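Student: need a 3D model of the sequence below.
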Amino acid sequence: MTTAFQKRALLIAGPTASGKSALALERAQAQGGVIINADALQVYAPLRILSARPTPEEEGIVPHRLYGHVGAEQPYSVAAWLAEARREIEAAWTQGLLPIVTGGTGLYFAALERGLAPVPEIPEEVRSRWRSFTGDLHGELLRRDAAMAARLLPSDRQRVTRALEVIDATGRSLLDWQREGQEGATLEGVAVERIFLDVPRAELHARAESRFDRMMAEGALEEARAVMHLDPSLPMMKAIGVPELVRHLKGEISRDEAVALAKAATRQFIKRQLTWWRGQLKHWGTGTP
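Tutor: Residues are numbered from 1 along each chain as shown. The predicted structure is shown next:
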């Protein structure tokens with residue numbers, strides 16, 4: 001049995017087109033590792049090209065887990081990913097391999113390191129009350145849960161609303177629920193190396209645009225054609241490139257317009273990723289691929 005002091009893990013995160021997959025492959029070969037996906041779109045089976053999944057050749061070099069294993073219409077969540085990732089990490093340790101978790105979905109890494117707060121389902125009437133509230137949300141939270149309010153910016157309405165929903169519905173601060181979840185976090189007591197790939201934004205944009213051109217050459221349009229009949233509200237259908245190429249396939253815009261819109265969406269996505277990670281990097285090391 002693997003003891004706690006022997007357990008190690010490597011986390012590689014970064015925005016899209018930063019070189020995460022290449023670095024993960026390099027480290028897995030050098031250190032005897034298994035690569036575990038932490039990208040919310042690379043889990044979907046129909047999107048190998050448009051989600052920039054590792055190629056079959058790359059997957060044949062070292063073990064890859066949690067890639068392309070979810071159906072297009074299959075429900076999937078952070079909790080589902082965390083359960084599967086925990087299983088794969090434990091399996092890697094059992095086999096004497098280094099689990100290398102890589103991807104760009106920050107919420108997956110947060111759940112892995114902090115656990116998930118086991119908050120009960122919020123009643124719809126409570127949810128509706130706070131999501132339609134037009135007054136001073138942060139002031140309301142400060143009055144009801146000063147400790148949680150101190151951690152949130154007044155401008156962060158989404159998180160402030162969530163904190164209000166939780167204390168209103170459960171009578172307990174979201175902080176209490178988060179501490180409870182962290183006690184059973186997957187990486188508690190594990191020796192963890194963390195790398196965030198820090199690439200200049202202009203270079204990221206150039207890489208991402210070049211990669212989308214390659215995707216188009218490799219069959220991205222046909223991949224979009226195969227899923228264009230599906231409900232556009234499905235999470236998979238919101239992957240960058242899918243809405244734009246589907247619009248082209250329906251005759252709404254030209255191919256060049258679809259490509260330009262997809263590249264613009266990629267730049268906006270990179271901006272959102274970097275904004276999220278700026279608040280999470282205090283205990284992460286940075287590097288370049």
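
Student: buried set for stretch 274-285?
Tutor: For stretch 274-285, burial by neighbour count (16 or more other CB atoms under 10 Å) applies to 277, 284. The way it works is simple: take the backbone N, C-alpha and C, and place the C-beta from them, glycine included.

Student: tell me the mean pLDDT over it?
Tutor: For stretch 274-285, mean pLDDT is 79.

Student: which parts of this protein are strands?
Tutor: For the chain, the strands defined by DSSP state E cover 8-13, 33-37, 64-65, 98-103, 191-197, 285-287.

Student: among the ones you listed, which comes closest to residue 73?
Tutor: Residue 73 lies closest, by CB to CB, to one member of the strands of the chain: strand 33-37, at 19.5 Å.

Student: the closest one packs against which elements?
Tutor: Contacts defined by 3 or more CB pairs under 8 Å, 6 or more residues apart in numbering; DSSP states H and E place strand 33-37 against helix 20-31, strand 64-65, helix 78-94, strand 98-103.

Student: of these, which stretch is the most buried?
Tutor: strand 98-103 (a mean of 26; mean count of other CB atoms under 10 Å).

Student: contacting residues around stretch 250-260?
Tutor: Applying CB atoms under 8 Å, 6 or more residues apart in numbering, the contact partners of stretch 250-260 are 212, 213, 216, 221, 228, 244, 245, 247, 248, 261.

Student: try it again with 7 Å
Tutor: With contacts defined as CB atoms under 7 Å, 6 or more residues apart in numbering, stretch 250-260 is touched by 212, 216, 244, 245, 247, 248.

Student: where does the stretch 101-250 of the chain dip in pLDDT?
Tutor: Counting by pLDDT under 70, the stretch 101-250 of the chain contains low-confidence ranges at 181-184.

Student: returning to what we had before: so which of the contacts of stretch 250-260 is the closest to residue 104?
Tutor: For these, the minimum distance to residue 104 (CB to CB) is 15.4 Å, reached by residue 212.

Student: can I assume that closest one is in contact with residue 264?
Tutor: No: counting by CB atoms under 7 Å, residue 212 does not reach residue 264; the two are 10.6 Å apart.

Student: comparing the two, which residue is more hemmed in?
Tutor: Neighbour totals were compared for residue 212 and residue 264, and residue 212 leads with 23 against 13 (other CB atoms under 10 Å).

Student: pull the contacting residues for the more buried one.
Tutor: Applying CB under 7 Å, 6+ apart, we find residue 212 in contact with 241, 259, 262, 263, 266.

Student: burial of residue 129, as a residue count?
Tutor: Around residue 129 there are 13 residues (other CB under 10 Å).

Student: revised request: answer the last question for residue 201.
Tutor: Neighbours of residue 201 under the rule other CB under 10 Å: 12.

Student: try residue 203
Tutor: By other CB under 10 Å, the residues close to residue 203 number 12.

Student: same question for the one 5 residues further on.
Tutor: Here the count is done by other CB under 10 Å, and residue 208 has 22 residues near it.

Student: most neighbours of all the contacts of stretch 250-260, which one?
Tutor: With neighbours taken as other CB under 10 Å, the top of the contacts of stretch 250-260 is residue 245, carrying 26 neighbours.

Student: identify the residues contacting the nearest residue to that residue once chain neighbours are set aside.
Tutor: Counting by CB to CB, 6 or more residues apart in numbering, residue 224 is the residue found nearest to residue 245 once chain neighbours are left out, at 3.7 Å. Contact analysis of residue 224 by CB under 7 Å, 6+ apart lists 50, 241, 242, 245, 246, 249.

Student: just flag the most distant two among these.
Tutor: Spatial extent of these (CB to CB) is set by the pair 50 and 249 at 13.2 Å.

Student: residue 99 touches residue 90, doesn't it?
Tutor: No: Residue 99 is beyond contact range of residue 90, at 8.7 Å (criterion: CB under 7 Å).
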